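Student: the following comprises the amino acid sequence and a computationally predicted model.
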Amino acid sequence: MPLSILSKPLALLASDARLGFRLMSRRWNQVDRPKRKRVELAAVLSLLPLSAAIAALAAVPAALELDQSQMRPVLHSVAAPSITDQVDELVARDDFHLREVRVQRGETLAALFTRLGIVDAAALRFAQTDTAARLLVRLPPGRFVRSSIASDGRLQWLKVHSAGDLDGALATTRITTLDRSIGTESGFRVVDADIALERRVELKTGEVRVSLFGATDEADVPEAIAHQMIDALEGEIDFHRDLRRGARFRVIYEALYSSGEYLRAGRLLAVELENSGKRVAAYWFANGSKHGGFYGADGRSFKQAFLRSPLEYTRVSSGFSASRTHPIFGYDAAHRGVDYAAVAGTNVRSIAEGVVEFAGWQRGYGNVVEVRHDGKHVTLYAHLESITAGLRQGMRIGQGDSVGNVGMTGWATGPHLHFELKVHDLHVNPLTAELPAAQPLAVAQLASFALAAAPLRAQLALLERVSIALDRPR
């Protein structure tokens with residue numbers, strides 16, 4: 001169609017459009033401003049779904065492209081390091097581990113190094129000869145010691161905590177540190193520091209699979225707290241014979257920190273143990289004595305006048321018997337005591353307060369210590385590797401004090417402790433004998449004890465609920 005024929009109609013259409021636009025503009029300007037804004041906003045919002053649909057369509061690939069796409073595996077070869085390289089790397093790495101112990105009565109610095117697993121002649125020589133390290137030579141029993149040791153036994157540092165105020169509102173301690181120093185001629189230095197400690201309460205729970213100490217290690221419970229657990233409950237549970245796989249424990253204890261860094265374990269506040277269907281819980285209470293004590297919920301004291309065993313944790317290898325075959329000589333004879341299998345060097349403790357009647361060598365007993373505890377109870381500890389230094393006849397010792405270390409002196413085929421108990425000079429079975437119990441709390445203290453134990457009981461119950469929830473299958 002020729003353009004000349006369309007030109008006139010197009011011109012008329014354009015003129016009408018301009019006229020219409022002017023009329024609409026004039027009418028739009030006559031509308032009040034708030035109403036115009038509402039209309040403009042509605043127009044913009046009405047376009048949003050259309051814009052989103054257009055964007056979505058633009059982003060989605062064509063169906064044909066999706067059908068043609070395929071998953072392709074990507075393979076890469078990774079060369080694993082050789083065993084030799086891995087071993088060399090482990091040997092070259094300086095792995096350090098921490099150990100913490102308490103000094104035993106009569107223990108020398110050399111014996112302490114051995115018990116900690118330190119094999120460092122230079123460090124021992126410095127500690128024994130340097131005047132600044134004089135405090136380390138004769139450490140009082142019960143002093144808390146921490147050390148960092150390399151995998152080859154080399155000492156990184158050793159810290160001795162002197163007596164401080166751990167029971168006050170602000171716990172303090174003095175720390176003597178022996179560590180390596182590049183800037184000194186000997187390669188070591190000794191530094192003393194007084195520090196304030198922050199007391200925190202920590203809660204842990206665990207299950208016994210192989211041994212109690214293995215379970216506490218797995219639950220990240222400090223070794224010192226594990227020992228306090230045994231001290232608190234050993235009058236109620238025989239850890240040598242009765243502890244079973246699957247036993248569960250819950251503990252609440254104090255941990256002492258310095259500048260936000262964990263320093264050492266404090267006091268065990270509460271412990272609960274479920275073993276073979278039996279549940280027992282002990283709560284610490286400041287009963288007015290120097291160290292306080294552990295009590296049941298009814299106020300009954302868990303601290304026995306006599307410990308059930310002279311070793312903290314071991315097993316019975318030979319029981320009390322009227323007749324057994326002697327392991328060396330082969331004849332039948334009465335076995336008037338109990339043999340505890342233990343590693344040579346394990347600490348042997350007195351089961352009760354008493355007076356040493358004999359400490360020395362005695363034929364088949366080898367190194368032996370005999371203690372009279374009262375008018376009728378006497379105990380004997382035989383085959384000791386060594387007797388605690390300074391222990392002699394007539395000396396008074398307390399419950400739990402060291403009398404020596406497990407050995408195999410005298411007539412013995414291997415390291416163990418032979419333990420005897422006599423009542424009125426007659427031998428009795430230490431595992432079944434009735435031993436004196438400690439006195440319960442006074443009636444006047446029961447209300448204070450119940451008030452102190454209530455929050456601990458609530459926390460133990462919370463720990464139990466949490467452990468049940470974690471064990472529940474999902």
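Tutor: Good, I have the coordinates. Numbering: from 1, shown residues only.
Student: got the domain ranges for the chain?
Tutor: Domain ranges of the chain: 95-196, 198-303+439-471, 315-428, per automatic domain parsing.
Student: quick one: low-confidence parts of the stretch 151-300 of the chain?
Tutor: Under the criterion pLDDT under 70, the flagged ranges of the stretch 151-300 of the chain are 163-170, 240, 288-291.
Student: how close does the residue nearest to the spatial centre of the chain get to His161?
Tutor: Centroid-nearest residue in the chain, with Cα atoms, centre = their mean: Val221, separated by 1.5 Å. The spacing between Val221 and His161, counted by Cβ to Cβ, to the nearest Å, is 19 Å. Quick note: C-beta positions are derived from backbone N, CA and C, even for glycine.
Student: kindly report the same for Val191.
Tutor: Using Cβ to Cβ, we find Val191 at a distance of 14 Å from His161.
Student: the two: which has the busier surroundings?
Tutor: Neighbours of Val191 and His161, each counted by other Cβ atoms under 10 Å, are more numerous for His161; the result is 21 against 13.
Student: so that one touches Pro140, yeah?
Tutor: No: counting by Cβ atoms under 8 Å, His161 sits too far from Pro140 to count as a contact (11.3 Å).
Student: coming back round to it: so which helix or strand takes in the residue nearest to the centre of the chain?
Tutor: Using DSSP states H and E, Val221 sits in no helix or strand.
Student: verify the stated contact: it with Leu212.
Tutor: No: applying Cβ under 8 Å, one finds Val221 not in contact with Leu212, separated by 10.0 Å.
Student: starting at the chain centroid, how far to stretch 180-192?
Tutor: Here the centre of mass of C-alpha atoms in stretch 180-192, compared against the chain's by Cα atoms, centre = their mean, to the nearest Å, lies 31 Å away.
Student: next, the buried residues of it.
Tutor: Neighbour-count burial for stretch 180-192, counted by 16 or more other Cβ atoms under 10 Å, picks out 180, 188-190.
Student: cool, and stretch 443-458?
Tutor: Going by neighbour count (16+ other Cβ under 10 Å), the buried part of stretch 443-458 is 445, 449-450, 452-453, 456.
Student: tabulate those in JSON lines, adding columns for pLDDT and distance to Lys303.
Tutor: Shown next, in JSON lines, are the buried residues of stretch 443-458 (pLDDT from 0 to 100; distance: Cβ to Cβ, whole Å):
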{"residue": "Gln445", "pLDDT": "87", "distance to Lys303": "15"}
{"residue": "Phe449", "pLDDT": "90", "distance to Lys303": "14"}
{"residue": "Ala450", "pLDDT": "91", "distance to Lys303": "19"}
{"residue": "Ala452", "pLDDT": "91", "distance to Lys303": "17"}
{"residue": "Ala453", "pLDDT": "91", "distance to Lys303": "16"}
{"residue": "Leu456", "pLDDT": "93", "distance to Lys303": "17"}
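Student: wait, which of these is closest to Arg99?
Tutor: For these, the residue nearest Arg99 by Cβ to Cβ is Leu456; the value is 29.4 Å.
Student: was I right to think the closest one contacts Leu269?
Tutor: Yes: proximity of Leu456 to Leu269 meets the contact threshold set by Cβ under 8 Å, at 6.0 Å.
Student: now for the two: what residues contact both?
Tutor: By the contact definition Cβ atoms under 8 Å, 6 or more residues apart in numbering, Leu456 and Leu269 are jointly contacted by 252, 283.
Student: skipping adjacent residues, who's closest to Ser276 in space?
Tutor: If you skip the residues right next to it in sequence, Ser276 has Arg244 as its closest partner in space, 5.1 Å away by Cβ to Cβ, 6 or more residues apart in numbering.
Student: what residues are up against the one you found?
Tutor: Contacts of Arg244 (Cβ under 8 Å, 6+ apart): 208, 275-276.
Student: now, of these, which are buried?
Tutor: Neighbour counting over the contacts of Arg244 (16+ other Cβ under 10 Å) leaves 208, 275 as the buried ones.
Student: out of the contacts of Arg244, which sit inside strands?
Tutor: Judged by DSSP state E, the subset of these located in strands is Asn275.
Student: between the contacts of Arg244, which is closest to Pro415?
Tutor: The nearest member of these to Pro415, counting by Cβ to Cβ, is Val208 at 24.8 Å.
Student: let me know whether the closest one touches Phe239 as I believe.
Tutor: No: using Cβ under 8 Å, Val208 is not in contact with Phe239, being 10.3 Å away.
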